[in-house]
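Peer 1: here's my sequence, what's the structure:
(one chain, ligands or ions: 1)
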Amino acid sequence: MKSKTIKKYKICVVGAGHVGLVAAACFAKLKHEVICVDTDKQRINNLNSGKIPFYEPDLQLLVAKGVKKNLLFSINLPEAVKKSEVIFIAVGTPPLPDGSADLTAIGNVALVIAKNINSYKLVVGKSTVPVWTGKKIKETIYRYRKGKNNFDVASNPEFLREGKAIYDFFYPDRIVIGVESPRAEKILKEIYHSLKSKIVVTDINTAELIKHASNSFLAAKISFINAVSRVCDLAGADVEKLSLAMGMDKRIGKDFLNAGIGWGGFCFPKDVEAFTYISKKLGYDFKLLKEIKNINEQQGQYFVDKIKEHLWILKAKKIAILGLSFKPDTDDLRFAPSIGIIELLVNEGANLSLYDPQAMAEAKQLFKESSQIVFASDVYQAAKESDCVCFLTEWDEFKTIDFRKMKKTMNYPLIADGRNMLDKQKITKLGFEYIGIGR
Ligand code: UGA
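Peer 2: Residues are numbered from 1 along each chain as shown. As a prediction, the model looks like this:
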């Protein structure tokens, strides 16, 4: 029997950030014809010559392959809208001071779509947005569209993690599509046809909420284990063994139970805030979310207090900071827990030497070199003459450190492991004093 040929779509992805660029490159890999649009001309020029704006394993190669065939980068949104059948909106939704998400970019894209709609379009929200955003996009296009061209709005939240984005796109635990018509459902199912993952079909509001609820739940898991780690410290117990045993219960699961200095990045902090805000606006005071955030905010101070217990006075002490990005395999420093810890240590008068395997360029923009902050070119240079070495991101590179060599050059052999990434026994056997979280 002849196998059914599945339609390849003309897709426009608006936004060449982490979500948009990965989606565009992956849709191209699935053989759809893709135009990825961004307002940043420099970024688009760079992409056309194969330069990726951030560090993401394997993305460069995927983009380069796509550019040779079916992946185009452009700043011309009106033209891209006209040429496409499906438009994925993947622009930023940054946090506003009141905690709500800034949806200006999404509103602007909806307007451009309205003004350039020349045939049926499926407009799909991919950015993380508060519930009812799809509804607003629909109203906007309906209100401002030229002529009577038909369109559908859908929601298809993205669950990819930075650093594992390509894998997550091709092997997601589930694909969520929030739709209002059989036509939209059919198109989205065809777009993802070659992926083997389960597709969950919902209405648009539910799809939007699934994303906020999922990120908030993951943040809750981490805050929970961090709160438990405090009890472990007080009780003299070991949070690592505890979370291992807890995670063996299938109902709990082992992932996101690593205690440490807390969650950061551009997703969890803004999404927990935005979910709290939208719940309140809808009439529900989601107090649990506020506590999840509170626990997270305390972790940095807790970590610094532990260092203080060991070193007593931090003024003029030299502290090496290993790992700056909010997690490994990314150069992203946005809302990284390291930032708060560095600020606290600087306020205590400590002298810091910073090192990260990928985020040095970003770090040099964020922290100015000063009498208290210097940048090191490797772990050993950072640790030299220090009174304490802090591990703030669990990079693989740090797992192969020659600790004997490091110890010889240190002023005082103290290790503060903010990610519980080191073998405590091994480190103490080597003659270090060891600080962990909840162990
Ligand atoms: C997160 C979600 O995991 C993705 O599913 C989602 O698509 C993405 O946000 C998004 O909304 O775009 P990401 O921000 O890349 O992905 O980072 P995660 O891997 O989830 O880590 C978030 C933070 O939690 C990091 O700071 C990490 O160090 C911390 N973490 C994670 C812990 O402290 N403990 C853990 O056990 C796990």
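Peer 1: distance of Ile401 from the ligand?
Peer 2: From Ile401 over to the ligand the distance is 19 Å, taken as C-beta to the nearest ligand atom, to the nearest Å. Just so you know, the C-beta spots here come from the backbone N, C-alpha and C atoms, and that holds for glycine as well.
Peer 1: surely that residue touches Asp378?
Peer 2: No - with contact defined as C-beta atoms under 8 Å, Ile401 does not reach Asp378; the gap is 9.9 Å.
Peer 1: more neighbours: the two, which one.
Peer 2: Ile401 (17 against 12; other C-beta atoms under 10 Å).
Peer 1: check contacts around the closest residue to the more buried one other than its chain neighbours.
Peer 2: Leaving aside its chain neighbours, Ile401 sits nearest to Val379 (5.7 Å; criterion: C-beta to C-beta, 6 or more residues apart in numbering). Contacts for Val379 (C-beta atoms under 8 Å, 6 or more residues apart in numbering) come out as 320, 322, 355, 397-398, 401, 406.
Peer 1: how about Ala165?
Peer 2: Taking C-beta under 8 Å, 6+ apart, we find Ala165 in contact with 18, 22, 56, 59.
Peer 1: going by proximity to the ligand, name the top residue of the stretch 301-439 of the chain.
Peer 2: Lys327 (3.8 Å; C-beta to the nearest ligand atom).
Peer 1: ok so, going back, okay, and which of the contacts of Val379 map to helices?
Peer 2: Using DSSP state H, the subset of those located in helices is Met406.
Peer 1: by neighbours, which of the contacts of Val379 wins?
Peer 2: Busiest of the contacts of Val379 [other C-beta under 10 Å] is Leu322, holding 28 neighbours.
Peer 1: which non-adjacent residue is nearest Ser229?
Peer 2: Nearest one to Ser229, counting by C-beta to C-beta, 6+ apart, is Gly438 at 2.6 Å.
Peer 1: that's a strand at Ile252, yeah?
Peer 2: No - assessed with DSSP: H, G, I helix; E, B strand; the rest coil, Ile252 is coil; it does not lie in a strand.
Peer 1: looking at it, it is touching Met246, isn't it?
Peer 2: Yes - here Ile252 reaches Met246: they are 5.3 Å apart, a contact under C-beta under 8 Å.
Peer 1: pLDDT score for Lys2?
Peer 2: At Lys2 the predicted local distance difference test score is 49.
Peer 1: I meant to write Thr5 there.
Peer 2: 75.
Peer 1: contacts only, for it.
Peer 2: Thr5 neighbours (C-beta under 8 Å, 6+ apart): none.
Peer 1: for stretch 230-239, buried residues please.
Peer 2: 230, 232-233, 238-239 (16 or more other C-beta atoms under 10 Å).
Peer 1: also stretch 283-297?
Peer 2: Quick answer for stretch 283-297 (16+ other C-beta under 10 Å): 286, 289, 292-293, 295-296.
Peer 1: which one among the residues you listed gets closest to the ligand?
Peer 2: Distances from the ligand to those, taken by C-beta to the nearest ligand atom, are shortest for Asn296, at 8.8 Å.
Peer 1: excluding sequence neighbours, find me the nearest residue to that closest one.
Peer 2: In space, Asn296 is closest to Gly262, 4.5 Å off (C-beta to C-beta, 6+ apart).
Peer 1: same check on Ile307?
Peer 2: Per C-beta to C-beta, 6+ apart, closest to Ile307 is Ala416, 5.2 Å.
Peer 1: so the one you found sits in a strand?
Peer 2: Yes - using three-state DSSP, the assignment for Ala416 is a strand.
Peer 1: ok, how many other residues are close to it?
Peer 2: So Ala416, with other C-beta under 10 Å, has 26 neighbours.
Peer 1: list the contacts of it.
Peer 2: 303, 306-307, 388-391, 435.
Peer 1: and if we set it to 6 Å?
Peer 2: By C-beta atoms under 6 Å, 6 or more residues apart in numbering, the residues touching Ala416 are 307, 388, 390, 435.
Peer 1: try Ile225
Peer 2: Contacts of Ile225 (C-beta under 6 Å, 6+ apart): 243, 257, 259.
Peer 1: now, which of those lie close to the ligand?
Peer 2: Leu257 (C-beta under 6 Å from any ligand atom).
Peer 1: highest neighbour count among the contacts of Ile225?
Peer 2: So for those (other C-beta under 10 Å), the most neighbours sit at Ala259, 27 neighbours.
Peer 1: the stretch 101-250 of the chain against the ligand: which residues are in contact?
Peer 2: By C-beta under 6 Å from any ligand atom, the part of the stretch 101-250 of the chain that sits against the ligand consists of 128, 158-162, 215, 218, 222.
Peer 1: which among those gets closest to Ala114?
Peer 2: Thr128 (22.6 Å; C-beta to C-beta).
Peer 1: show the pLDDT at the closest one.
Peer 2: 96.
Peer 1: is it in a helix, a strand, or coil?
Peer 2: In three-state terms, and counting by three-state DSSP, Thr128 is coil.
Peer 1: ok, it touching Lys211?
Peer 2: Yes - with contacts counted by C-beta atoms under 6 Å, Thr128 reaches Lys211, the gap being 5.3 Å.
Peer 1: what residues are up against Pro328?
Peer 2: 393-395.
Peer 1: just the strands in the chain please.
Peer 2: Taking DSSP state E, the strands of the chain run over residues 10-14, 33-37, 71-74, 86-89, 121-125, 151-155, 175-178, 199-202, 318-322, 351-355, 373-375, 388-391, 414-417, 433-435.
Peer 1: mean pLDDT for these - can I get that in TSV?
Peer 2: Output for the strands of the chain, formatted as TSV (pLDDT from 0 to 100):
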stretch	mean pLDDT
strand 10-14	98
strand 33-37	98
strand 71-74	98
strand 86-89	98
strand 121-125	98
strand 151-155	98
strand 175-178	98
strand 199-202	98
strand 318-322	98
strand 351-355	98
strand 373-375	98
strand 388-391	98
strand 414-417	98
strand 433-435	98
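Peer 1: the nearest residue to Gly50 once chain neighbours are set aside: neighbour count?
Peer 2: Nearest non-adjacent residue to Gly50, counting by C-beta to C-beta, 6+ apart: Ala64, 4.9 Å away. Ala64: 15 surrounding residues under other C-beta under 10 Å.
Peer 1: quick one: Ala64 from Ser49, how far?
Peer 2: 10 Å (C-beta to C-beta, to the nearest Å).
Peer 1: same question for Lys41.
Peer 2: 13 Å.
Peer 1: quick one, what contacts Lys221?
Peer 2: Contacts of Lys221 were listed using C-beta under 6 Å, 6+ apart, and they are Phe256.
Peer 1: actually Leu289, not the one I typed
Peer 2: 216, 272, 276.
Peer 1: thanks a lot, see you next time.
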